[in-house]
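Asker: Mind looking at a prediction? Sequence and model below.
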Amino acid sequence: MKNTVLIMKFAATLMIVVLLWGCSGEEQESSSKLKTPYDDWKTYSYQNIEIRYPVGHLQEGTFEDISRVYQTMIKRACGLLHINVPGDTLRIIYHTGFGQGRELTGHEYPYATGDTIFFWLPSFYGPTLMQYLIPRWHPEEPRHIFLKHGLIALLDFSGQNYHTSTARHIHTDRFIPLAELAVTINVNSDTERYESAMSASFVDYIIYTYGIKTFDSLYLSQRSFEDEVRNMLDLSLDSLQEQWLEMSGEAAKLDTAGYRRYILEQEG
């Protein structure tokens, strides 16, 4: 009987030790999960914009202006896409430069994921902002990826006139025909402004000429681009390309300020 009591006491003690060890392990694991490289960074908030940044950031004195720029860009991009301005907070992790950004994120270029933009200079604000907004417009990746990268380039807010780039490529025999552009896998708005510039010119033409609903349908299409264009616009790719380049040539004549006004007029 005595041995039975001792065994029961030992088992109870062992159970308590196991439970305590398990709880301690869970707390340590939970604590480690909460730690990020940004825990000691400061936070600047302006309405629904939140900027996280390290102490001594050179742009700290301009964060109010930057926040206002973001709000303006969001309104203009959402106006062009005909979507509501997101009501949630946009978080911007603002690194000191590409060295810190690449080290802490493991990414070569600034990027957006979920409700957070990971940003560093030198870069324009527009590309990552569009990476943040496009999933709120259409979360699906388009079959014709040049349309997505063209949209990102078009709204990179760099002030560049990509119709001018397209005209220059025509004159230097570097122009990519629409039939090839529609199936390219090399377009990348992070790394180049060659194919993405022509894509931006084409996206601008479609939205300006046919409206956002037509672009929306092209973006979501799972058929071949040629079939979709013929079905939707009753045009061959060659005919569509001819019309695109005619409009692009006129837009290429605008100066930078004029082109910026031209883009913004399309919001409505």
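Answerer: Cool, got the structure.
Asker: residues touching the residue most central in space within the chain, list them.
Answerer: Closest residue to the average C-alpha location of the chain: Gln131 at 1.1 Å, with CA atoms, centre = their mean. By CB atoms under 8 Å, 6 or more residues apart in numbering, the residues touching Gln131 are 111-112, 117, 152. Where you see a C-beta, it was placed from the backbone N, CA and C, and this is true even at glycine.
Asker: looking at these, which has the most residues close by?
Answerer: Ile152 (25 neighbours; other CB atoms under 10 Å).
Asker: Please name the residues that touch that residue.
Answerer: Listed by CB under 8 Å, 6+ apart, the contact partners of Ile152 are 126-127, 130-131, 134, 189, 196.
Asker: I figured Tyr125 hits Phe157, correct?
Answerer: Yes: Tyr125 is in contact with Phe157 according to CB atoms under 8 Å; the separation is 6.0 Å.
Asker: overlap in contacts of those two?
Answerer: Contact criterion CB under 8 Å, 6+ apart; residues shared by Tyr125 and Phe157: Met73.
Asker: quick one: the strands in this protein?
Answerer: 42-46, 49-53, 90-94, 111-113, 116-119 (DSSP state E).
Asker: Each with direction, which strands does the last one pair with?
Answerer: If I follow you right, that is strand 116-119. strand 90-94 (parallel), strand 111-113 (antiparallel) (DSSP bridges).
Asker: go on, the second one?
Answerer: Next to strand 49-53 in the sheet, as set by DSSP bridges, lie strand 42-46 (antiparallel), strand 90-94 (parallel).
Asker: So for the first one, what gets flagged as buried?
Answerer: Pointing back at strand 42-46 there. By 16 or more other CB atoms under 10 Å, the buried positions in strand 42-46 come out as Tyr44.
Asker: so how far is it off the chain centroid?
Answerer: Remark: strand 42-46 is offset 22 Å from the chain centroid, using CA atoms, centre = their mean, to the nearest Å.
Asker: For it, give me every contacting residue.
Answerer: Under the criterion CB under 8 Å, 6+ apart, residues 50-55, 57, 60, 63-64, 67-68 lie in contact with strand 42-46.
Asker: Try it again at 6 Å.
Answerer: 51-53, 63-64, 67 (CB atoms under 6 Å, 6 or more residues apart in numbering).
Asker: Check stretch 225-240 too.
Answerer: Against stretch 225-240 from outside (CB under 6 Å, 6+ apart): 144, 178-179, 182, 221.
Asker: Low-confidence stretches in the chain?
Answerer: Along the chain, segments meeting pLDDT under 70 span 1-34, 255-268.
Asker: For the contacts of Ile152, give me TSV that also has distance to Ser248.
Answerer: Converted to TSV, the contacts of Ile152 look like this (distance: CB to CB, whole Å):
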residue	distance to Ser248
Gly126	20
Pro127	21
Met130	21
Gln131	25
Ile134	23
Ser189	18
Ser196	15
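Asker: Which single one of those is nearest to Thr166?
Answerer: Nearest to Thr166 among these, counting by CB to CB, is Ser196 at 11.2 Å.
Asker: Can you verify my assumption that that closest one contacts Ser189?
Answerer: Yes: using CB atoms under 6 Å, Ser196 is in contact with Ser189, at 4.5 Å.
Asker: ok so, going back, which of the strands paired with strand 116-119 sits most buried?
Answerer: When those are scored by mean count of other CB atoms under 10 Å, the highest mean neighbour count falls to strand 90-94 (a mean of 22).
Asker: how about that strand as CSV, C-alpha atoms only?
Answerer: Presented in CSV, the C-alpha positions along strand 90-94 are these (Å, rounded to 0.1, in the frame of the first residue of the first chain):
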residue,chain,number,x,y,z
LEU,A,90,-1.1,50.7,-45.2
ARG,A,91,2.1,49.8,-43.4
ILE,A,92,5.4,50.9,-44.9
ILE,A,93,8.6,49.4,-43.6
TYR,A,94,11.0,52.1,-44.8
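Asker: distance between it and the chain's centre?
Answerer: 13 Å.
Asker: correct me, but Val203 touches Ala153?
Answerer: No: in this structure Val203 lies outside contact range of Ala153 using CB under 6 Å: 8.1 Å.
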